[in-house]
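> Task: produce atomic coordinates for the following.
(2 chains)
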Amino acid sequence: MKAKRTFYSERIYPLLFMFAVTFFCILLTSGLHLATQDRAIANERSFTRRAILNASGVNYENTTGGIEEAFQEKIEQKDGYYVADSENGTRYIIPVEGPGLWGAITIMAGFEEDLTTFSGIAIVSQNETPGLGARIEEPWFTEQFRGKQAPFTMVEEGTADADTEVDAITGATRTSEYFRNLTNRAADDAKRIIGGE
Amino acid sequence: MANKLLRKTFMEPLGKNNPVFVQILGICSTLAVTNKLQNTMVMTLGVLFTTALSSLTISLLRNYIPSRIRMMVETMVIATFVIIVDIVLKAFYPEMWKQLGPYVGLIITNCIIMGRIEAFALQNKPMLSLVDGLASGLGYAYVLLAIAFVRELLGTGSLWGYQILGSWWTNWSIMIMPPGGFFVLAIIIWIIREKIMKEAKND
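Just a heads-up that it's a prediction; the model follows:
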């Protein structure tokens, strides 16, 4: 293996070799990326649309086709918010983003016609601790907001009884607090953006 | 002879030369993704795929790679396989991809992969390197799954997302958080090295 060291073997060959490897690797990954791009974008859109449907309380079938169909039929996009025509009346949904413990949390907040009573909340994206803060995605947590009015206070898990109280998540106090701030802000945003106050 | 070598190559990373509890490699991800079995499973499959195929690729190229730029080539190859895992997850398992977040990309920094390439694939034939990579990935996988089993069960009372323990169980939140990973990993390393491996040596 100990070949003679020449200018070519020491300088040119490594350069050419690296160039070839890089070229091939990029060709492979970018090809795969382009081939699956549409699918990834569709997934992303489906995620957002499902969150909007969840927040509005509209019934839908939980498949890609079902989400698409319900969205086309019941949801109307406005400037900065969505209007849903649900079985129980008109619903207004706004996207709200705010800080979490590790990164931004984005939610869809749905409101009834009075723009103060929540019709539902759905998480679009979050980076909280799996198993602790990430439990804000669990239905028992998001369902608590339905039919209630801001401002909320977080109380110990399993003890909420008043109208403005919601259960915090045990072991995720900070995430719960950030989430409370986010939902309280959602109520203000709804009045400002949709109600025009 | 060939079979014996193959067998040794396959068995060593599973037992006495395990990447996690003997070589103490890949600890970052061991601590980070072991609080839920499901996430751990996907993560270990990603590592298994990457370590097996990058060992194979480097071994195929081993006589052509100039030694002074070998690390660049290795990193490039590993990164390519990791990006493939990331793209496939994103397109076909978007929920899982969201949960794992940055950890998929971090497979590239898993020292087991680079370690096996440097220590094994550069000197051995492609088939043997593939087996070595595969076995290293498996050795990593089963230890991680064992840790995740303990952490998810004690931390949330559930396994694979299904509730196992009843309402009498108080979740040990610390198990879900990073310290839990250190505790369980240390206890597992201790049990295996002090009890099982010592006894195997004495026999």
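> May I see the buried residues of the longest helix belonging to chain B?
Determined from DSSP state H, the single longest helix within chain B is helix B:126-156. Buried residues in helix B:126-156, defined by neighbour count with 16 or more other Cβ atoms under 10 Å in any protein chain shown: B:126, B:128-141, B:143-144, B:146-156. In short, each C-beta sits where N, CA and C put it, glycine included.
> which stretches of chain B have low pLDDT?
Chain B contains residues with pLDDT under 70 at B:1, B:203.
> which residue ranges form the strands in chain B?
B:158-159, B:162-163 (DSSP state E).
> what about the first one, near chain A?
No - Strand B:158-159 lies out of reach of chain A by Cβ under 8 Å from any Cβ of the partner chain, never closer than 9.5 Å.
> Give me the sheet partners of that strand and which way each runs.
strand B:162-163 (antiparallel) (DSSP bridges).
> Would you mind measuring the gap between the ends of stretch A:134-148?
When the termini of stretch A:134-148 are compared using Cα to Cα, to the nearest Å, they are 22 Å apart.
> what mean pLDDT would you report for that stretch?
The average pLDDT for stretch A:134-148 rounds to 86.
> Could you tell me how far that stretch lies from the centre of the chain?
Computed by Cα atoms, centre = their mean, to the nearest Å, the separation of stretch A:134-148 from the middle of its chain amounts to 14 Å.
> how about the nearest residue to the spatially most central residue of chain A, chain neighbours excluded?
Nearest to the geometric centre of chain A sits residue A:124, at 1.2 Å (Cα atoms, centre = their mean). Counting by Cβ to Cβ, 6 or more residues apart in numbering or on different chains, residue A:124 lies nearest to residue A:106, which is 4.2 Å off, once chain neighbours are set aside.
> That neighbour: neighbouring residues, count only.
Look at residue A:106: counted by other Cβ atoms under 10 Å in any protein chain shown, it has 18 neighbours.
> I'd guess it is in a strand, am I close?
Yes - with DSSP: H, G, I helix; E, B strand; the rest coil as the criterion, residue A:106 is located in a strand.
> and it, what are its bridge partners?
residue A:97, residue A:125.
> Chain B contacts on chain A?
A:1, A:9, A:13-14, A:17-18, A:21-22, A:25, A:28-29, A:32-33, A:36, A:39-40, A:43-44, A:47, A:125, A:127, A:129-132, A:134, A:170-171.
> For the residue lying closest to residue B:84 once chain neighbours are set aside, list the residues it contacts.
Nearest residue to residue B:84 in three dimensions, chain neighbours excluded: residue A:32, at 6.1 Å (Cβ to Cβ, 6+ apart). For residue A:32, the contacting residues are B:83, B:84, B:87, B:88, by Cβ atoms under 8 Å, 6 or more residues apart in numbering or on different chains.
> In helices, which of these fall?
B:83, B:84, B:87, B:88.
> from these, which two are the most distant?
Within the ones in helices among the contacts of residue A:32, B:83 and B:88 form the most distant pair, 9.6 Å apart (Cβ to Cβ).
> Please say which of the two ends up with more neighbours.
residue B:83 (21 against 16).
> wait, isn't that one in contact with residue A:29?
Yes - Residue B:83 lies in contact with residue A:29 (Cβ atoms under 8 Å); the separation is 4.7 Å.
> Tell me how many other residues surround residue 75.
You didn't say which chain, so I picked chain A. For residue A:75, the neighbour count with other Cβ under 10 Å is 19.
> actually it's chain B I care about, not the one you picked
16.
> same deal with residue B:14?
Around residue B:14 there are 17 other residues, counting by other Cβ under 10 Å.
> Which residue is the nearest non-sequential neighbour of it?
Per Cβ to Cβ, 6+ apart, closest to residue B:14 is residue B:139, 4.8 Å.
> Could you list which residues are in contact with that neighbour?
Contacts for residue B:139 (Cβ under 8 Å, 6+ apart) come out as B:13, B:14, B:15, B:18, B:19, B:20.
> Surely residue A:118 and residue A:144 touch.
No - at 9.4 Å, residue A:118 and residue A:144 do not qualify as touching, with contact defined as Cβ under 8 Å.
> These two: which is more packed in?
residue A:118 (24 against 16).
> Okay, that one and residue A:186: tell me how far apart.
Residue A:118 sits 8 Å away from residue A:186, going by Cβ to Cβ, to the nearest Å.
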